[in-house]
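Participant: next come a sequence and a model predicted from it.
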Amino acid sequence: MPVSHTASAPEAMTDHALRAFLRGLPGVDEVGARARAQDLSTRSVKTTAKAQAIDLAISMVDLTTLEGADTPGKVRALCAKAALPDPADRTAPRVGAVCVYPDMVATAVAALDGTGIGVASVATAFPAGRAPLEVKLADTARAVADGASEIDMVIDRGAFLAGDYLKVFEEVVAVKQACG
């Protein structure tokens with residue numbers, strides 16, 4: 001369930017303004033979340049509703065390969081699985097996207113042509129986000145140019161954990177602009 005709040009990001013983003021904004025966001029009510037989860041776990045759901053929920057969940061998942069040993073052949077095989085997850089059941093739900101490194105986007109786009117399945121890419125120096133902004137933007141530009149329909153951005157965890165929220169914010173803005 002989405003959380004709504006009335007706070008909006010400050011117009012002129014400064015480190016001080018960003019910290020004030022972040023401190024003003026509501027926290028997670030752990031006790032309430034646990035109680036809601038417990039309540040939901042005791043409900044009985046009809047079989048058809050379960051099947052629809054599972055199909056919906058699958059349609060929102062990215063089928064992913066992010067190994068240093070990825071090859072075009074491995075990516076094409078993953079795309080074939082995404083397009084036809086169960087050859088014995090043509091009604092089996094398909095995933096929302098196939099997620100690959102930026103250098104494999106063109107291969108995935110070609111393999112998924114005509115299927116309606118998107119291609120996501122983990123641009124921006126996956127997995128730690130520890131690279132200069134120029135590298136992250138080049139990663140993003142390549143993935144977008146090659147046909148990625150989704151960019152899964154990795155923030156600089158080191159900057160975030162050090163409290164350099166403005167750097168993280170500015171990188172998010174820059175990458176979003178690079179996505180077009």
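Facilitator: Here it is on my side, so go on.

Participant: in the protein, which segments are predicted with low confidence?
Facilitator: Screening the chain residue by residue with the criterion pLDDT under 70, one finds the ranges 1-12.

Participant: next up, the contacts around the residue nearest in space to the middle of the chain.
Facilitator: Note on the chain: the residue nearest the mean C-alpha position is D152, at 4.3 Å, using CA atoms, centre = their mean. Residues near D152 by CB atoms under 8 Å, 6 or more residues apart in numbering: D62, C99, A120, S121, V122, A123, F126. (C-beta placed from N, C-alpha, C; glycine too.)

Participant: those: which two are farthest apart?
Facilitator: Maximum pairwise distance among the contacts of D152 (CB to CB): 13.7 Å, between D62 and A123.

Participant: neighbour count winner among these two?
Facilitator: When neighbours are counted by other CB atoms under 10 Å, D62 and A123 differ, and A123 comes out ahead with 28 against 18.

Participant: tell me the phi and psi of the more buried one?
Facilitator: Dihedral angles phi and psi of A123 (degrees, to the nearest 10) take the values phi -70, psi 180.

Participant: for K176, see how far away it is.
Facilitator: A123 sits 12 Å away from K176, taking CB to CB, to the nearest Å as the criterion.

Participant: D29 now?
Facilitator: 30 Å.

Participant: with V98 instead?
Facilitator: Between V98 and K176 the computed distance is 22 Å (CB to CB).

Participant: same drill for those two, tell me which one is more crowded.
Facilitator: Summary of the neighbour comparison: V98 and K176, criterion other CB under 10 Å, with V98 having more neighbours (27 against 12).
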